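>>> missing the sequence, but the structure's below:
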């Protein structure tokens, strides 16, 4: 599976941004797609995930109520709508894919930078 992320850039605190990730290749084998992020000097952390079948979602506590993950199974895309952005949301955001039968996210896209200014 190949993942191509788009979106990101500079935003003001309190503002919004939308990230999108397009999946190609073995999309019929996708179990879930997720977004992770890595801030400077910090470990990569989970942000949100969505089951490809059924669409159930999961969020990190730090983004609950502000971020929304969604998917389009026809276009093979997953979006992350980020509202009420905070400076601490500044990070490189990565799209990741977990295949059916796998316990981990084994496919990763290139990151996209999100910078939130106060």
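Sure, I can see it. All of these numbers come straight from a predicted model, not from anything done at the bench.

>>> The closest residue in space to residue 32 that isn't next to it in sequence is in what secondary structure piece?
Distances taken as CB to CB, 6 or more residues apart in numbering put residue 98 closest to residue 32, at 4.6 Å, once the chain neighbours are dropped. For glycine as for every other residue, the C-beta is placed from the backbone atoms N, C-alpha and C. Per DSSP states H and E, residue 98 falls inside strand 91-99.

>>> give me every residue that touches the residue nearest the centre of the chain.
Per CA atoms, centre = their mean, the C-alpha nearest to the average position across the chain is that of residue 35, at 2.4 Å. Contact analysis of residue 35 by CB atoms under 8 Å, 6 or more residues apart in numbering lists 19, 21, 47, 48, 49, 69, 78, 80, 93, 94, 95, 96.

>>> same check, this time on residue 46
34, 36, 60.

>>> Could you give the bridge partners of the second one?
In this structure, residue 36 has the following beta-bridge partners (DSSP bridges): residue 46, residue 94.

>>> wait, what's in contact with it?
Per CB under 8 Å, 6+ apart, neighbours of residue 36: 44, 45, 46, 47, 93, 94, 96, 105.
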